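Undergrad: got a sequence here, can you build the structure:
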Amino acid sequence: MLEGCKSAKERWGGVSEIIDRWLNARQELIVLYCSVNGVNQFHDDKRPVANKLKEMCQILVDYVSTGHFEVYEQLVQEGLEFNDGSIEQAKSIIPQLEKNTQVCLDFNDDCENLSSVAQLQSSLSELGEALEERFSLEDKLIEVLHESHREMVS
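TA: Model (predicted):
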């Protein structure tokens, strides 16, 4: 997941300030997810998992919101301005992202009600799959609506 984030930053970093901030938030989300999920090999005893989980949920909601209300809108507007058919391709991606958003928001809503480590691990596993799918879909959306116009926008 983190490797994919680095790849996205390398491909689209510096193109748009909004996309740059968003990709930085993506990276921060992945790092916290790994830390909460026990994947991070740099264990930090000073920050309890509950605090990391709360911070991760805040970043998750901010990340998802920024995607929908800033990044996707900017990309769609760019596609409309160039009127080259890219909007048609995006129309198949955006509903998938909306469905995925609900999974992320459900995780956030249910997070406070988790009563065991097993429930947390199961929920984190589902969230991890949703994030993998989300990042892939978002990368496709950027590819379709921005990358094809990159030289014209620069």
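Undergrad: these two touch, right, Asp110 and Ser123?
TA: Yes - with contact defined as CB atoms under 8 Å, Asp110 and Ser123 form a contacting pair (6.6 Å). Any C-beta I mention is one placed from the backbone N, CA and C, and that applies to glycine too.
Undergrad: which residue of the two possesses the greater neighbour count?
TA: For Asp110 versus Ser123, the count of surrounding residues by other CB atoms under 10 Å is larger for Ser123: 17 against 12.
Undergrad: how about the more buried one, secondary structure?
TA: helix (DSSP: H, G, I helix; E, B strand; the rest coil).
Undergrad: Lys140 too?
TA: Going by three-state DSSP, the state assigned to Lys140 is helix.
Undergrad: then Gly38?
TA: coil.
Undergrad: just Ser115 next, same as before
TA: Assignment for Ser115 (three-state DSSP): coil.
Undergrad: distance check, it against Leu29.
TA: 24 Å (CB to CB, to the nearest Å).
Undergrad: which residues of this structure fall in helices?
TA: Secondary structure of the chain (DSSP state H): helices located at 2-12, 17-36, 49-66, 72-82, 86-111, 117-145, 150-153.
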